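Participant: coords please:
(2 chains)
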Amino acid sequence: MEGDIVQMGAYIGAGLACTGMGGAALGVGHVVGNFLSGALRNPSAAAGQTATMFIGIAFAEALGIFSFLVALLLMFAV
Amino acid sequence: MATETQTGAAEQGAGLAFHPMDQFIVKPLFGDGAVGLFTVTNVTLWMALTVLAIIGLMVLGTSSRSTIPSRIQSVAELCYGFIRKMVEDVAGKDALPYFPYVMTLFLFILFSNFLGLIPGSFTTTSHIAVTAVLAMLVFLTVTLMGFIKHGAGFLSLFWISSAPLPLRPILALIEVISYFVRPVSHSIRLAGNMMAGHAVIKVFAAFAPMIILSTGIGLIVTPMSILAITAIYALEVLVSFIQAYVFTILTCVYLKDALHPHH
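Facilitator: Here you go, the predicted model:
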């Protein structure tokens, strides 16, 4: 019985951890959207900044991946 | 963790035809004993295939060295030029001695990501054990190099001289924490992306044979999931490349920090 409740809590927690993905989606969308709006105003400077955009995406996305990791830990390690 | 998944799915009699995480189980290549330190596993096989593929591309690509490049030579030159330009642009000209290391990292991650997309194969980079070694190697190399090149001056990376003086200790604390989180996020980003992407494909693949179980709902679910597999597979090819690119470009950023620690 007690183990079942712990497992239920772990599953609920894993589901809740997935809301973090929404945050990562907002972050990545914000980075790329702002990059595009800047790039369309000054297309000649855009090519040199794609690397910076990818670094920004990577940082924004890392935190979303952390939420995925928390979900995995709750599913398999707890 | 892996065996737990397998038995867990079997005990519950889950609806899926196979568990989406089954593909990440490390198992011995010959027989089915325990996995020890020197057991030849499927990870060993696919890592060896990755290295062989890289050697194949580079040796075949550079063997003829004709003025008008053949297709394989074009690909080899494209990889070389792409990474060389990245190192030069992001880390600066004086980082070029470290170009072979960055190139090796990029090719290894790219090829193991791509080989992992072959149905039935094993994605070595989906395991944190593999990516953590790669990321720790980058972290240690960069830190050691910074201290060897600049001595204690490397610590000025954490002391932001352009900030107002009262803020500097707080910023230094934040910088130190973010410096030590680097290998964690560096490795988990790659492993998480690979694991999540491949698991999504397998989830849809498990829904695909629904038409055998029930022709009613299967008529809708099976074509939908096959379409979804195709779309996600294309996305995964893109993600495989972007993650290899992101890993190498972050390596270049860390290299730049070590070479020029002064803000």
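
Participant: so which residue is dead centre in chain A?
Facilitator: Nearest residue to the geometric centre of chain A (CA atoms, centre = their mean): A:Gly64, 2.3 Å.

Participant: and the helix or strand where it lies, what does it pack onto?
Facilitator: Element membership for A:Gly64 (DSSP states H and E) is helix A:50-76. Packing partners of helix A:50-76 (3 or more CB pairs under 8 Å, 6 or more residues apart in numbering or on different chains; DSSP states H and E): helix A:2-17, helix A:19-41, helix B:168-207, helix B:215-259. C-betas here are computed from N, CA, C, even on glycine.

Participant: now that helix and helix B:168-207, what's the angle there?
Facilitator: Helix A:50-76 and helix B:168-207 are oriented at 70 degrees to each other (axes from the mean of the first three to the mean of the last three CA atoms, to 10 degrees).

Participant: with adjacent residues omitted, what lies nearest to whichever residue of chain A sits closest to chain B?
Facilitator: At 3.8 Å from chain B, A:Ile65 is the closest residue in chain A, using CB to the nearest CB. Nearest residue to A:Ile65, sequence neighbours excluded (CB to CB, 6 or more residues apart in numbering or on different chains): B:Gly192, at 3.8 Å.

Participant: wait, the one you found sits on A:Leu69?
Facilitator: Yes. A contact is recorded between B:Gly192 and A:Leu69 when judged using CB atoms under 8 Å, the distance being 6.1 Å.

Participant: those two: who's more crowded?
Facilitator: B:Gly192 (24 against 19; other CB atoms under 10 Å in any protein chain shown).

Participant: in contact with the more buried one, which residues?
Facilitator: By CB atoms under 8 Å, 6 or more residues apart in numbering or on different chains, the contact set of B:Gly192 is A:65, A:68-69.

Participant: save those as JSON lines, and put in pLDDT too.
Facilitator: Formatted as JSON lines, the contacts of B:Gly192 follow (pLDDT from 0 to 100):
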{"residue": "A:Ile65", "pLDDT": "81"}
{"residue": "A:Phe68", "pLDDT": "82"}
{"residue": "A:Leu69", "pLDDT": "80"}
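
Participant: what ranges of chain A fall below the confidence cut-off?
Facilitator: Residues of chain A meeting the criterion pLDDT under 70: A:78.

Participant: kindly recompute the last result at 90.
Facilitator: In the predicted model, chain A carries pLDDT under 90 at residues A:1-11, A:17-18, A:20-21, A:43-78.

Participant: please name the nearest non-neighbouring residue to the residue nearest to the centre of chain A.
Facilitator: Leaving aside its chain neighbours, A:Gly64 sits nearest to A:Ala24 (2.3 Å; criterion: CB to CB, 6+ apart).

Participant: same question for A:Cys18.
Facilitator: The shortest distance from A:Cys18 to any non-neighbouring residue, by CB to CB, 6+ apart, is to A:Ala71 (6.0 Å).

Participant: in this structure that neighbour contacts A:Ala17, no?
Facilitator: Yes. Between A:Ala71 and A:Ala17 there is a contact at 4.1 Å, judged by CB under 8 Å.

Participant: could you report the separation of B:Leu105 from B:Tyr254?
Facilitator: Counting by CB to CB, to the nearest Å, the separation of B:Leu105 from B:Tyr254 is 12 Å.

Participant: now swap in B:Val130 and tell me
Facilitator: Going from B:Val130 to B:Tyr254 by CB to CB gives 19 Å.

Participant: just A:Val32 next, same as before
Facilitator: 23 Å.

Participant: what does B:Ser156 give?
Facilitator: From B:Ser156 across to B:Tyr254, the span is 16 Å (CB to CB).

Participant: looking at those two, which is more packed in?
Facilitator: Higher neighbour count among B:Ser156 and B:Tyr254: B:Tyr254, with 23 against 13, using other CB under 10 Å.

Participant: element containing the nearest residue to the more buried one once chain neighbours are set aside, please.
Facilitator: Distances taken as CB to CB, 6+ apart put B:Val142 closest to B:Tyr254, at 4.6 Å, once the chain neighbours are dropped. Per DSSP H and E: B:Val142 is located in helix B:128-150.

Participant: so what secondary structure elements neighbour that helix?
Facilitator: Right, helix B:128-150 is packed against helix B:99-116, helix B:168-207, helix B:215-259 by 3+ CB pairs under 8 Å, 6+ apart.

Participant: tell me the buried residues in the second one?
Facilitator: Applying a neighbour-count criterion of 16 or more other CB atoms under 10 Å in any protein chain shown, one finds B:168, B:172, B:175, B:179, B:182-207 buried in helix B:168-207.
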